[in-house]
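Undergrad: sequence first, predicted coordinates after that:
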Amino acid sequence: MKKFVSFLFAMSVVILATFTASAADISVKVDGRTVAFREEPKPIVLNDRTYVPVRRVLEQMGAKVSWDGEKRTVTVTSPDNIKVVVLTIDSPEISVYTFTSVLHADLETVLSDVSPIILNDRTMLPIRVIAESLGAKVSWDENGVADITTLQAQRVMKKAIGENNENPDITQALSENLPKISLFCDAKDIKEGDEVDVYVRISDLDKADEDAAFSGFVTTVLYDTENFEYEGFACISKNGEVPPALSADNGTFYENGAKIVYIFTPNSLPEAAEDGTVLKLKFTALSNNGGTFSLSDGISEVGYDNEVVLVSGNNSYSISKYDELFIDTSAITVK
């Protein structure tokens, strides 16, 4: 479940005239959280099958995705590196490799009733067949929402609530069994020109690794840009504000979101970090109206919007996916 620290991910289709397409509102959830599709193409229905942009959903599932332009193939590797799924554009044949050892993998060829396509220069995959090839469960509700429960989340829920619960609350199960990040702000009676500080808190780090120490952070906070202006950030430890070794921020990473990355060098903190506040975001009120702030649980072309960097012994790694880190996306309102 651990992965080496990485903040940048590689950036990842012409429809045949015979396809019938529908651009109706389509939502996809991964482990109880709605996937944010901020750019085109968004999920689309073609001949009664839902296609989604390959990287957005699969990386949110924790899978690794690579593209071979010459062969026109997409290779998807499961988070535990046991499953490798190879798909070819416009071909219904899907090769599923299951590694039983470092040197051997069993091969199963799955014949799908739909094929991967390319739309607006992006690879689009039929969501059910690829998700199920990775061991995920896929269901649909009456509103047409595709609900994906990853294999990793299934394992977390099995450990947390057993196998006999027919209608498990996946959000509650993950919240109670994973490290968490959340927002808080104690500002009141906001007026134009006031400084407003919003804090990011982390808790239950011991559920990731009892011996791990907090070493860095990636976070994305969504806010009302009409009512607030982002001014910067400060790293917080138990000893107060501390400077990071490396950092970067962008107050308009999204049209309504500030993204911040920072990391400490080994031993740069006086003591091992504990649960508590790790970041302060500084805003200026642009009006008397107040507004809302919330954590993003999405993924962009440069990686997960929220990611916690940990150090255990000589190893540095991060937790980011929904089977590793619970992101409280509840909006906080400041008035």
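TA: Perfect, I can see it now. Keep in mind that what you see is a predicted model, and the values were worked out from it rather than measured. Numbering: from 1, shown residues only.
Undergrad: now the helices: where do they sit in this protein?
TA: For the chain, applying DSSP state H gives helices covering 54-60, 127-133, 151-161, 170-177.
Undergrad: of these, which stretch is the most buried?
TA: helix 54-60 (a mean of 24; mean count of other Cβ atoms under 10 Å). C-beta: built from backbone N, CA, C; applies to glycine.
Undergrad: same question for that helix, mean pLDDT?
TA: Averaging pLDDT along helix 54-60 gives 79.
Undergrad: got it, and stretch 192-201?
TA: 95.
Undergrad: and that stretch, what's buried?
TA: 196, 198-201 (16 or more other Cβ atoms under 10 Å).
Undergrad: could you pull out the strands in the stretch 101-250 of the chain for me?
TA: Ranges of strands in the stretch 101-250 of the chain, per DSSP state E, counting those that start in this stretch, are 105-111, 117-119, 122-126, 137-140, 146-149, 180-184, 195-203, 213-223, 228-237, 240-242, 246-254.
Undergrad: make JSON lines out of those and add distance to residue 98.
TA: Output for the strands of the stretch 101-250 of the chain, formatted as JSON lines (distance: least, Cβ to Cβ, whole Å):
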{"stretch": "strand 105-111", "distance to residue 98": "5"}
{"stretch": "strand 117-119", "distance to residue 98": "26"}
{"stretch": "strand 122-126", "distance to residue 98": "19"}
{"stretch": "strand 137-140", "distance to residue 98": "18"}
{"stretch": "strand 146-149", "distance to residue 98": "20"}
{"stretch": "strand 180-184", "distance to residue 98": "33"}
{"stretch": "strand 195-203", "distance to residue 98": "36"}
{"stretch": "strand 213-223", "distance to residue 98": "32"}
{"stretch": "strand 228-237", "distance to residue 98": "43"}
{"stretch": "strand 240-242", "distance to residue 98": "46"}
{"stretch": "strand 246-254", "distance to residue 98": "38"}
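Undergrad: for residue 227, grab phi and psi.
TA: Main-chain dihedrals, residue 227, degrees, to the nearest 10: phi -110, psi -10.
Undergrad: that one contacts residue 286, doesn't it?
TA: Yes - counting by Cβ atoms under 8 Å, residue 286 is a contact partner of residue 227 at 5.5 Å.
Undergrad: contacting residues around stretch 141-151?
TA: By Cβ atoms under 8 Å, 6 or more residues apart in numbering, the residues outside stretch 141-151 that reach it are 24-31, 43, 50, 52, 57, 61-62, 78, 127-128, 131, 134-140, 170, 322-323.
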